[in-house]
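Trainee: Based on what follows, work out the 3D shape:
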Amino acid sequence: MSLTNIETFVRPETVEEAFAALGEHARPISGGTDVMLRNPTAATTLVDLMGLPLGEITESPGGGFTVGANATLTAMADHPGLAGHLGGILPEMLVHVGSPLLRNQCTLGGHLARGRLSDVVPVLVALDAEITWFDGEHHAAPIARFYEDGTHRGRLIVTGVEIPAATGTSAGAFHKFLRTFFDLALLNAACVLWASGDGTLDAARVVVGETPSLGVRVTAAEDALAGVAPGPEAFAAAGAIARAEVETRADSRASAEYRSQLVGVAVERCLAKAAARLEVSS
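Mentor: Have a look, this model is predicted:
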C-alpha cells in the first residue's frame, strides 16, 4: 500500500515529544502493521514511536513482568519468563496471532491502541494486567477498565503493560475458535485457576472475547467455580453460565447464534486445559 496522503514523518525521542506531536492530522505508528492495512486517510503526519525506550521486557524479583509498548509479539512469545508464566498461557495465545512475520513486526502497544480484533486483550484481562499510558500525564489502570471507559479512543500513547506475579498454585489457558491457523478469532476465551490444598478451587478468572467485543469477565462463572473440585461437571456448569451471561453479536465472520454456542464450549475447554496444567505443577 502507498500512503500518498502522508507528508511528514516525525521520530521523537521521548514520550513527551511524541505526545506533543499528535496533532489533529497526526497518527502514531509503531510496528505499522495496522496502518499499512488501514490507511489513516485523514492523517498527513506519522509519529514514529519506535525510537522511544519502550522495548524492554523485565521481570521483577517478585515474579511480575513489565512489558514495554514497543516489545513485539514475537519477543513476548520468546521471553523465557513469560513462556513459563501460569503454565504458558501467553505463548499459547501468541502463536495464534497472525503469521510469524506479522508477530515479528507487530508491537504490543500498537496492538492494544487499536482497540479491536484481539486475542491478546482477553488473556491480559484474565491475568489482571494493568495498562500504562501517557496523555500529558502518566496513568495506569486495569486493562479491562481502559476499554470499558473508552480511554483507548482518546489522544494518548500506550507505554506498556504490567503483569502481576503468579500466586499460589495457579495456571492459565487460552482457547480460540478460528477457520485457519492464522485467522482472526470467531470467539476466544482465557481462563486462570487457583487451587487450594484440599483439591478444590480457590478462585477463577473466566474471560470471553471476540463476541465481537474485546473481552469480558464472566463473574457468575467465576463465582460458580470457587470452592468446587475441578472437573468436567464443574467446567460444563461454568460453560453453561457463560453461554447464558455473555451477549454475542453478528458480524461478517459469524452469526450471534453461532457465537453463543461457541461461548460455552470455549469456556469449558479452556478451563479443562488450565486444570490439566494445575495437575502437572502439583
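Trainee: got the contact list for stretch 236-254?
Mentor: Stretch 236-254 has contacts (Cβ atoms under 8 Å, 6 or more residues apart in numbering) with 184, 186-187, 189, 204, 206, 208, 211-213, 216, 218, 220-221, 224-225, 256-257, 259-268, 271. (Glycine included, C-beta is placed from N, CA and C.)
Trainee: same thing but at 7 Å, please
Mentor: 184, 186, 206, 208, 211-212, 216, 218, 220-221, 224-225, 256, 259-260, 263-265, 267-268, 271 (Cβ atoms under 7 Å, 6 or more residues apart in numbering).
Trainee: all helices of this structure, in order?
Mentor: Here the chain has its helices, by DSSP state H, at 15-20, 33-37, 73-78, 80-84, 89-94, 100-105, 108-114, 120-126, 143-148, 219-225, 232-245, 256-281.
Trainee: need those in a markdown table with mean pLDDT and mean neighbour count, can you?
Mentor: As requested, the helices of the chain are exported to a markdown table (pLDDT from 0 to 100; neighbours: other Cβ atoms under 10 Å):
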| stretch | mean pLDDT | mean neighbour count |
| --- | --- | --- |
| helix 15-20 | 97 | 17 |
| helix 33-37 | 73 | 16 |
| helix 73-78 | 96 | 20 |
| helix 80-84 | 94 | 14 |
| helix 89-94 | 96 | 23 |
| helix 100-105 | 91 | 15 |
| helix 108-114 | 93 | 23 |
| helix 120-126 | 97 | 28 |
| helix 143-148 | 94 | 20 |
| helix 219-225 | 98 | 19 |
| helix 232-245 | 98 | 19 |
| helix 256-281 | 91 | 20 |
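Trainee: Ok, which of the ones you listed comes nearest Gly160?
Mentor: helix 108-114 (7.2 Å; Cβ to Cβ).
Trainee: The closest one - contacts with which helices or strands?
Mentor: Packing partners of helix 108-114 (3 or more Cβ pairs under 7 Å, 6 or more residues apart in numbering; DSSP states H and E): strand 157-163.
Trainee: in its sheet, what does the strand it packs on sit against?
Mentor: Sheet pairing of strand 157-163 (DSSP bridges) gives strand 65-68 (antiparallel), strand 130-134 (antiparallel).
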